[in-house]
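Enquirer: only geometry, no sequence info:
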């Protein structure tokens, strides 16, 4: 079946696969904690079945962004919350490693995507070949560096809105002719690079201050706090390699999470 652009190799029926994978990663977190803290056995079974389907969906999806963000987020938060419980920490880390390896050896889609990433990195590092998915993204680091080092104004204030996109082709033609694939891309594929090239260090610091403010929101309910922090972490990691917060569906999900959390915080006060 092929529905709305989705198919057997790209099962994302209502959104671009990268953005869909970010939403799935957040759903995995929510269902995981609902399963752990639910006392009614019937609901626990329901949450476990739902969790199983969602995480399978995530790892047969070709969106590596959500997979990467989920795994790193879980590892970071486990260390933060359970660093003093050595046995539990070891158990969690072992389960994550086992799960990832199992996916690699028994899930061909996941294996192909990991092998593709390894090949892209190897080609870029050893052969200076950036004509690949990851290689094209790396090209924007070179472009951002050229923009910032051009003059002190760009370093602090950036090149300006839209101008950072218009300058891509010229910079590549003048200094990086081998970034042919990067030239075909229409965005910087990283919110951090996008903001840095547009608005300089000042703009990036303002953006990071917003993230810091979101991460320091305090909630009395530990479970809700864990889900909220996990969701923000997933978005922070995903915008390293893509721009989900610029798109309607993932941005709406983020707004829903933040809005709900603020409403609950107000109610607690």
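Expert: Arrived safely. Everything numeric in this text was worked out from a predicted model, so none of it was measured.
Enquirer: Need the residue closest to the centroid of this protein.
Expert: In the chain, the residue lying closest to the centroid (C-alpha atoms, centre = their mean) is residue 238, at 1.5 Å.
Enquirer: if I pick that one, what's in contact with it?
Expert: 18, 22, 25, 65-66, 69, 244 (C-beta atoms under 8 Å, 6 or more residues apart in numbering). C-beta here means a position set from N, CA and C on the backbone, and glycine is covered the same way.
Enquirer: so where's the stretch 151-269 of the chain shaky on pLDDT?
Expert: 268-269 (pLDDT under 70).
Enquirer: One more pass at 80, please.
Expert: 222-223, 266-269 (pLDDT under 80).
Enquirer: Can you list the residue ranges for helices in it?
Expert: Under the criterion DSSP state H, counting those that start in this stretch, the stretch 151-269 of the chain contains helices at 152-157, 163-166, 168-175, 180-184, 191-215, 222-238, 248-268.
Enquirer: Now the last one: buried residues?
Expert: Right, the one you point to is helix 248-268. 250, 253-254, 257-258, 261, 264-265 (16 or more other C-beta atoms under 10 Å).
Enquirer: cool, and the third one?
Expert: For helix 168-175, the buried set under the neighbour-count rule, 16+ other C-beta under 10 Å, comprises 168, 171-172.
Enquirer: cool, the second one as well?
Expert: Using 16+ other C-beta under 10 Å as the burial criterion, the residues of helix 163-166 that qualify are residue 164.
Enquirer: again with the fourth one
Expert: Counting neighbours by 16+ other C-beta under 10 Å, one finds that the buried residues in helix 180-184 are 181-183.
Enquirer: Could you single out the nearest of the residues you listed to residue 84?
Expert: residue 182 (45.3 Å; C-beta to C-beta).
Enquirer: Per-residue pLDDT of residue 8, please?
Expert: Reported pLDDT at residue 8 in the predicted model: 69.
Enquirer: Any idea how many residues pack against the residue nearest to residue 199 when sequence neighbours are not counted?
Expert: For residue 199, ignoring the flanking residues on the chain, the nearest one in space by C-beta to C-beta, 6 or more residues apart in numbering is residue 158 at 4.2 Å. Neighbour count of residue 158, defined by other C-beta atoms under 10 Å: 24.
Enquirer: correct me, but residue 158 touches residue 194?
Expert: No. With contact defined as C-beta atoms under 8 Å, residue 158 and residue 194 do not form a contacting pair (9.9 Å).
Enquirer: Mutual contacts of the two, please.
Expert: Taking C-beta under 8 Å, 6+ apart as the contact rule, residue 158 and residue 194 both touch residue 164.
Enquirer: Near residue 104, how many other residues are there?
Expert: For residue 104, the count of nearby residues is 15 (other C-beta under 10 Å).
Enquirer: Just to be sure, it is in a strand?
Expert: No. Assignment of residue 104 by DSSP: H, G, I helix; E, B strand; the rest coil gives helix, placing it outside any strand.
Enquirer: ok, residues contacting whatever helix or strand residue 148 lives in?
Expert: Secondary structure assignment for residue 148, by DSSP states H and E: helix 133-149. Contacts with helix 133-149, where a contact means C-beta under 8 Å, 6+ apart, come from 116-117, 120-121, 123-124, 129-130, 154-155, 158-159, 164, 167-168, 171-172, 175-176, 179, 181-182, 184-185, 188-190, 193, 196-197, 200, 241.
Enquirer: Can you point out the buried residues in it?
Expert: Residues of helix 133-149 classed as buried by neighbour count (16+ other C-beta under 10 Å): 133-140, 142-144, 146-148.
Enquirer: Report the angle between it and helix 168-175.
Expert: 80 degrees (axes from the mean of the first three to the mean of the last three C-alpha atoms, to 10 degrees).
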